[in-house]
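**Student:** Here is a sequence together with a model predicted from it:
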Amino acid sequence: METIKLSGEKEIEYASNLLNTAIKEFNKKNYSMSSNLLNEAKTSFKDSKLDNLMSLCLSLEGALDYINDKKNYEESLNLLEDAKYLATYSQNHTAKTFCEYVLGCIYKLDNNTDLAKIHLTNAKNLAFKADELNLLDHITNELNELSVSTNKLLANKRDPMVALVKIGQSVSAETNIDELIRVIAEETKEAIQADRCTVFLYDKKNNELWSKVALGMENSEIRFPADKGLAGHCVKTGETINIKDAYNDSRFNPEVDSKTGYKTKTILCMPIKNLQNEIVGAFQVLNKLDG
């Protein structure tokens with residue numbers, strides 16, 4: 001833990017060591033021992049203004065409460081919200097990492113694989129930068145187990161209603177806009193059983209559409225005038241379009257296919273609107289697999 005200079009420094013150092021050990025026991029799944037150590041550590045932290053350490057305590061307490069009784073699900077998530085706030089307020093990297101890790105573990109235990117993956121991936125990215133609690137191996141193991149269970153449940157991901165729920169949950173959990181749009185596109189692709197999804201955002205200043213996500217060619221960026229193509233038509237008119245043969249539709253812009261080498265056949269395209277009902281882009285699903 002970080003060294004903090006204040007009165008009662010030895011007591012804080014002792015309690016920090018207890019908390020560190022409690023987290024290690026949690027990672028070993030020795031939950032009873034972890035809980036006992038946590039309760040002892042919390043006594044010393046309670047009256048201090050150590051936001052980073054209190055965040056760690058709340059994260060661990062939330063996880064242990066849920067593991068002890070799944071009926072504590074809502075209370076545990078409330079504790080994690082408080083922990084996340086303190087971690088952000090204190091700008092403490094370790095507290096942020098542990099909070100994301102614990103959230104991932106709870107959602108994994110609750111069989112909410114998509115939210116679990118988001119939070120565990122966030123934790124992994126943070127741990128790559130600095131890993132004071134040595135969490136990286138544990139995070140990686142959780143993600144590997146998650147991948148195995150996700151493959152077993154792949155058929156369920158193709159249910160449109162399941163995809164809709166997962167998208168809604170991702171919107172509330174994901175703070176990275178690139179990752180959020182990727183999740184939305186991927187879930188929609190699976191639900192509709194299409195080959196590719198693309199999200200075009202409207203650059204009003206330059207009157208252009210550009211791709212934020214194009215599944216199947218993630219490293220590419222596409223830009224073209226906002227008055228071109230079916231996506232442009234959606235943005236300008238607000239219409240939803242369902243095309244069975246793209247190259248026989250005069251509104252289709254083949255330049256994108258020419259640049260990417262992709263062959264578009266069928267298209268479902270609809271506008272994206274913000275809370276003010278303004279069109280801010282277009283969402284496009286390409287080549288439904290079953291025709």
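**Tutor:** Received, thanks.
**Student:** my read: Glu75 touches Asp65, true?
**Tutor:** Yes - using Cβ atoms under 8 Å, Glu75 is in contact with Asp65, at 6.3 Å. Any C-beta I mention is one placed from the backbone N, CA and C, and that applies to glycine too.
**Student:** The two: which is more packed in?
**Tutor:** A count of neighbours by other Cβ atoms under 10 Å puts Asp65 above the other of Glu75 and Asp65, at 18 against 14.
**Student:** Next secondary structure element downstream of the strand or helix carrying the more buried one?
**Tutor:** Taking DSSP states H and E as the definition, Asp65 sits inside helix 51-68. Moving toward the C-terminus from helix 51-68, the next helix or strand (DSSP H and E) is helix 73-90.
**Student:** For stretch 22-35, which residues meet the burial criterion?
**Tutor:** Neighbour-count burial for stretch 22-35 flags Ala22, Ile23, Glu25, Phe26, Asn27, Ser34, Ser35 (criterion: 16 or more other Cβ atoms under 10 Å).
**Student:** which of those sit farthest apart?
**Tutor:** Pairwise distances across the buried residues of stretch 22-35 (Cβ to Cβ) peak at 13.8 Å, for the pair Asn27 and Ser35.
**Student:** From the buried residues of stretch 22-35, which land in helices?
**Tutor:** Judged by DSSP state H, those include Ala22, Ile23, Glu25, Phe26, Asn27, Ser34, Ser35 as members of helices.
**Student:** can you put those in CSV and add distance to Asn141?
**Tutor:** Converted to CSV, these look like this (distance: Cβ to Cβ, whole Å):
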residue, distance to Asn141
Ala22, 19
Ile23, 15
Glu25, 16
Phe26, 14
Asn27, 10
Ser34, 17
Ser35, 22
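**Student:** which one among these gets closest to Ser55?
**Tutor:** For those, the nearest to Ser55 is Ile23 (12.2 Å; Cβ to Cβ).
**Student:** what's the spacing between the closest one and Ile272?
**Tutor:** Per Cβ to Cβ, to the nearest Å, Ile23 is found 42 Å from Ile272.
**Student:** got it, and Asn39?
**Tutor:** For Asn39, the distance to Ile272 (Cβ to Cβ) stands at 49 Å.
**Student:** Comparing these two, which shows the higher neighbour count?
**Tutor:** Ile272 (17 against 14).
**Student:** ok so, going back, now, which of the buried residues of stretch 22-35 sits nearest Asn144?
**Tutor:** Asn27 (15.1 Å).
**Student:** Only the buried residues of stretch 283-291, if you could.
**Tutor:** Phe283, Gln284, Val285, Leu286, Asn287, Lys288.
**Student:** Each with direction, which strands does whichever strand or helix holds the first one pair with?
**Tutor:** Per DSSP H and E: Phe283 is located in strand 279-288. Strand 279-288 pairs in its sheet with strand 194-203 (antiparallel), strand 267-273 (antiparallel), by DSSP bridges.
**Student:** With respect to burial, which of the ones you listed scores highest?
**Tutor:** Highest mean neighbour count among the strands paired with strand 279-288 (mean count of other Cβ atoms under 10 Å): strand 194-203, with a mean of 21.
**Student:** List every C-alpha atom in it, with coordinates, as PDB.
**Tutor:** The C-alpha trace of strand 194-203 is given here as PDB (Å, rounded to 0.1, in the frame of the first residue of the first chain):
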ATOM      1  CA  ALA A 194     -25.400 -10.600 -40.100                       C
ATOM      2  CA  ASP A 195     -21.900 -10.700 -41.300                       C
ATOM      3  CA  ARG A 196     -20.900  -7.100 -40.300                       C
ATOM      4  CA  CYS A 197     -22.100  -4.100 -38.500                       C
ATOM      5  CA  THR A 198     -20.800  -0.500 -39.000                       C
ATOM      6  CA  VAL A 199     -21.600   2.600 -36.900                       C
ATOM      7  CA  PHE A 200     -21.200   5.800 -38.800                       C
ATOM      8  CA  LEU A 201     -21.000   9.100 -36.900                       C
ATOM      9  CA  TYR A 202     -22.000  12.400 -38.400                       C
ATOM     10  CA  ASP A 203     -19.300  15.100 -38.500                       C
END
